[in-house]
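Colleague: sequence and predicted structure are below.
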2 protein chains.
Amino acid sequence: MAVYTEVPEDALFAFVAQYEIGDVLAFKGIAEGVENTNYYLHTSQGDFILTLYEKRVREDELPFFLNLMEHLARRGLNCPQPLRTRDGEKLGRLCGRAAAIFTFLEGLAIRRPNATHCGALGAALAQMHEAGADFGMRRTNALSLTGWPPLFAAAEDRAEQVAPGLTRRIREELAFLELNWPRGLPEGVIHADLFPDNAFFIGEEVSGIIDFYFACTDYFAYDLAICLNAWCFEADHSFNVTKAKAMLAGYERVRRLEDAEAGALPILCRGSALRFMLTRLVDWLNVPPGALVRPKDPLEYDRKLGFHRRVESARDYGLVR
Amino acid sequence: MAVYTEVPEDALFAFVAQYEIGDVLAFKGIAEGVENTNYYLHTSQGDFILTLYEKRVREDELPFFLNLMEHLARRGLNCPQPLRTRDGEKLGRLCGRAAAIFTFLEGLAIRRPNATHCGALGAALAQMHEAGADFGMRRTNALSLTGWPPLFAAAEDRAEQVAPGLTRRIREELAFLELNWPRGLPEGVIHADLFPDNAFFIGEEVSGIIDFYFACTDYFAYDLAICLNAWCFEADHSFNVTKAKAMLAGYERVRRLEDAEAGALPILCRGSALRFMLTRLVDWLNVPPGALVRPKDPLEYDRKLGFHRRVESARDYGLVR
């Protein structure tokens, strides 16, 4: 949520001139996207988003993300579509950074989604999974099972400062997930970070999905588990089964979960909760001086993990079978 | 340059529904305006800016600023015009703050203005002074002669930490300005903060002036002195007389300076340099922990002040007489 890179007008005009989008009429840094710098760009031909990629995104991975967004948009998904320059390039350089221009999506992120929003989101997630089925590239999920122990190692010596007992809980959870993580579930391109910040609505309809910079190849049902965690808990940390039921039903209207996926949902939810707890914990313990972004609370996901540990089956999430 | 207040969608929809501007289609926090929170608001009827007033703006002063913008916009100046609700109100409440919706101005702030930009800016400043001539309200400039000693008092005990000799230079300058500040110059509504951040251009034409929250009743020529300081020094602190000459000529194409104003320019430039040095010094010495905005360098204005002390007459700024 910060503008990390200021773009001088000469550099901006030269960059935009590579595209067939007319003249710049307005250009404003926007508080969207935690990892990158985003500008609202208004030209004589319409509205766009200009993104500069900051250090946390690896440049060699950008072709995966940009090709994916182009692929999904062409399949009819409402996601930012990278424009091509006159030379056919999707990715350029601006102010020493990789940069791209995208179509502008209408809609707004909903801070307090209701069950109808959750149902629409579930359906949009399944649409994304189906639209990505014939996408030709793969990207390993660096933040799944094998990525968690190194994250824990980076936080282990100070985790007890954050909450007593946290070290033990993480260690036990890692051991459990290592032993029980499902194998061979249906997989493909997943969003892997579809929080309410990253979904736009007009009314109760999903008008856009953004921020694909964690997208990777993994289990579809794991993506759903991430969304259950991100959308179906209340501010008081209670689980709202009405929202979860709506999300799962929305998903299954588009793509029906196989029995193995349904059976694995509780453990996938545990894994997803641990994943966000660990990355937040590392960020929490490593806030740089003068940081422009406040870290998110890792303990929110510690509590969610506690809930999923007590779940017996996907029926507890409202899945009807 | 920060979003201080997050607006939940329910509050947003209720606020926007008071106006006849259609349905919200996009809403993004933008990095514009240091003191307030600004959102880009796109509705089915067009583009707008929604401003929430944060603590540094006194609510009882908002009617002056909003009435002024309405007045200037009606006189043809390109500035944000506050919309009126169905009940005729320009000012409302949102998230516990005073809030208003404004017309959206095209154009972009220029980081590296050239002499042509400076000429256009000078003319726009004079247009603003003329457009404000029949504005009925007054607001004392709290950051002029009588406001400087209290600012200095707030910084005096630590000024030497910022630069050796600074305390003495400020004290001498205050004494000089107190004795020599001009009296009886033509006055009216001035912008008082027309930095390059606050002027939009399309090409080399001024397309908008924003951020009127320091506007007040003071000498027109003092406003010009603020602009000479803000626009006509290079990054290496050298004074660019070509830019200043263009600015003064641009101003005089619209409103000719009286002899007394021209004669007072050097001292008005000294006062203006001291004013920004003092407010920056106080901010510099009082950065709150976790601040989202980095303070600006007070010494930039110490150097500008040094330049103006060596000026003999307005001819040194390129004024042709």
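Modeller: That came through, no problem.

Colleague: CA atoms for contacts and neighbours, from now on please.
Modeller: Fine.

Colleague: by proximity to chain B, which residue of chain A wins?
Modeller: Nearest to chain B in chain A, going by CA to the nearest CA, is A:Ile30, at a distance of 4.3 Å.

Colleague: residues touching that residue, list them.
Modeller: Contact analysis of A:Ile30 by CA atoms under 8 Å, 6 or more residues apart in numbering or on different chains lists A:1-3, A:37-40, B:28-31.

Colleague: and it, how far from B:Pro8?
Modeller: The gap separating A:Ile30 from B:Pro8 is 17 Å, by CA to CA, to the nearest Å.

Colleague: the stretch 101-250 of chain A: helices as residue ranges?
Modeller: Listed in chain order, the helices found in the stretch 101-250 of chain A under DSSP state H, counting those that start in this stretch are A:115-131, A:148-155, A:159-162, A:166-180, A:220-231, A:241-254.

Colleague: what's around the residue nearest to A:Ala126 when sequence neighbours are not counted, how many residues?
Modeller: Excluding the flanking residues, the one nearest A:Ala126 by CA to CA, 6 or more residues apart in numbering or on different chains is A:Tyr251, at 5.3 Å. Counted with other CA atoms under 10 Å in any protein chain shown, the neighbours of A:Tyr251 add up to 23.

Colleague: dump the residue contacts of A:Trp231.
Modeller: Residues in contact with A:Trp231 (CA under 8 Å, 6+ apart) are A:113, A:118, A:195-196, A:243.

Colleague: export the contacts of A:Ile30 to CSV and tack on secondary structure and distance to B:Ala154?
Modeller: CSV is the format used below for the contacts of A:Ile30 (DSSP: H, G, I helix; E, B strand; the rest coil; distance: CA to CA, whole Å):
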residue, secondary structure, distance to B:Ala154
A:Met1, coil, 33
A:Ala2, coil, 31
A:Val3, coil, 31
A:Thr37, strand, 36
A:Asn38, strand, 38
A:Tyr39, strand, 38
A:Tyr40, strand, 39
B:Lys28, strand, 37
B:Gly29, strand, 33
B:Ile30, strand, 32
B:Ala31, coil, 29
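
Colleague: what residue spans form the domains of chain A?
Modeller: A:9-104, A:109-317 (automatic domain parsing).

Colleague: and the ones you listed: which comes nearest B:Arg74?
Modeller: Nearest to B:Arg74, of all the domains of chain A, is domain A:9-104, at 22.6 Å by CA to CA.

Colleague: distance between the ends of that closest one?
Modeller: By CA to CA, the extent of domain A:9-104 from end to end equals 21 Å.

Colleague: next one: stretch A:38-58
Modeller: Start to finish, the residues bounding stretch A:38-58 are 17 Å apart (CA to CA).

Colleague: returning to what we had before: quick one: which of the contacts of A:Trp231 is most hemmed in?
Modeller: Most surrounded of the contacts of A:Trp231: other CA under 10 Å gives A:Cys118, at 28 neighbours.

Colleague: could you report the neighbour count for the nearest residue to it once chain neighbours are set aside?
Modeller: Nearest residue to A:Cys118, sequence neighbours excluded (CA to CA, 6+ apart): A:Met247, at 4.9 Å. A:Met247: 31 surrounding residues under other CA under 10 Å.

Colleague: pretty sure A:Met247 is touching A:Gly122, no?
Modeller: Yes - counting by CA atoms under 8 Å, A:Met247 touches A:Gly122, with 4.5 Å between them.

Colleague: picking up where we left off before, let me know the pLDDT of the residue nearest to A:Ala126.
Modeller: pLDDT, A:Tyr251: 98.

Colleague: surely it and A:Leu125 touch.
Modeller: Yes - with contacts counted by CA under 8 Å, A:Tyr251 reaches A:Leu125, the gap being 6.8 Å.

Colleague: which residues of the stretch 151-300 of chain A score low on pLDDT?
Modeller: Applying pLDDT under 70 to the stretch 151-300 of chain A flags the ranges A:289-293.

Colleague: you'd agree A:Asp283 is in a helix?
Modeller: Yes - using DSSP: H, G, I helix; E, B strand; the rest coil, the assignment for A:Asp283 is a helix.

Colleague: what's the burial count for the closest residue to it other than its chain neighbours?
Modeller: If the residues on either side of it in the chain are set aside, A:Asp283 comes closest to A:Pro295, at 6.3 Å by CA to CA, 6+ apart. Residues lying near A:Pro295 (other CA under 10 Å) number 15.

Colleague: show the contacting residues for A:Pro295.
Modeller: Going by CA under 8 Å, 6+ apart, A:Pro295 touches A:280, A:283-284, A:287.

Colleague: spatially central residue for chain A, please.
Modeller: For chain A, the residue nearest the mean C-alpha position is A:Asp193 (1.8 Å; CA atoms, centre = their mean).

Colleague: my read: that residue touches A:Cys216, true?
Modeller: No - with contact defined as CA under 8 Å, A:Asp193 does not count as touching A:Cys216 (10.2 Å).

Colleague: quick one: A:Ala159 from A:Leu145, how far?
Modeller: Distance, A:Ala159 to A:Leu145, using CA to CA: 19 Å.

Colleague: give the bridge partners for the spatially closest residue to A:Tyr4 that is not a sequence neighbour, please.
Modeller: The shortest distance from A:Tyr4 to any non-neighbouring residue, by CA to CA, 6+ apart, is to A:Thr37 (5.7 Å). With DSSP bridges as the criterion, A:Thr37 is bridged to A:Leu52.

Colleague: run a quick neighbour tally on A:Thr37.
Modeller: Counted by other CA under 10 Å, the residues lying close to A:Thr37 total 22.

Colleague: model confidence score at it, please.
Modeller: For A:Thr37, pLDDT reads 92.

Colleague: related to what we said a few turns ago, highest neighbour count among the contacts of A:Pro295?
Modeller: A:Arg280 leads those on contacts (other CA under 10 Å) with 20 neighbours.

Colleague: list the contacts of the nearest residue to that one once chain neighbours are set aside.
Modeller: Residue nearest to A:Arg280 in three dimensions, not counting chain neighbours: A:Pro298, with 4.9 Å by CA to CA, 6+ apart. Residues in contact with A:Pro298, defined by CA under 8 Å, 6+ apart, are A:276-281, A:284.

Colleague: by neighbours, which of the residues you listed wins?
Modeller: Top of those by neighbour count (other CA under 10 Å): A:Leu278, with 28 neighbours.

Colleague: ok, now which ones touch that residue?
Modeller: A:148, A:151-152, A:155, A:298.

Colleague: again, 10 Å this time
Modeller: A:Leu278 sits next to A:143, A:148-156, A:159, A:170, A:272, A:284, A:298-299, A:301-302 when contact means CA atoms under 10 Å, 6 or more residues apart in numbering or on different chains.

Colleague: any idea how far it is from A:Ile110?
Modeller: For A:Leu278, the distance to A:Ile110 - CA to CA - is 25 Å.

Colleague: now do A:Glu156
Modeller: 34 Å.

Colleague: still on that earlier bit, A:Ala159 and A:Leu145: which has the busier surroundings?
Modeller: A direct count of neighbours by other CA under 10 Å for A:Ala159 and A:Leu145 places A:Ala159 higher, at 22 against 16.

Colleague: how about the nearest residue to that one, chain neighbours excluded?
Modeller: Spatial nearest neighbour of A:Ala159, chain neighbours left out: A:Thr167 (5.9 Å); criterion: CA to CA, 6+ apart.

Colleague: I figured the one you found hits A:Ala155, correct?
Modeller: Yes - counting by CA atoms under 10 Å, A:Thr167 touches A:Ala155, with 9.1 Å between them.

Colleague: count of residues packed around A:Asp218?
Modeller: For A:Asp218, the count of nearby residues is 21 (other CA under 10 Å).

Colleague: no further queries at this time; thank you.
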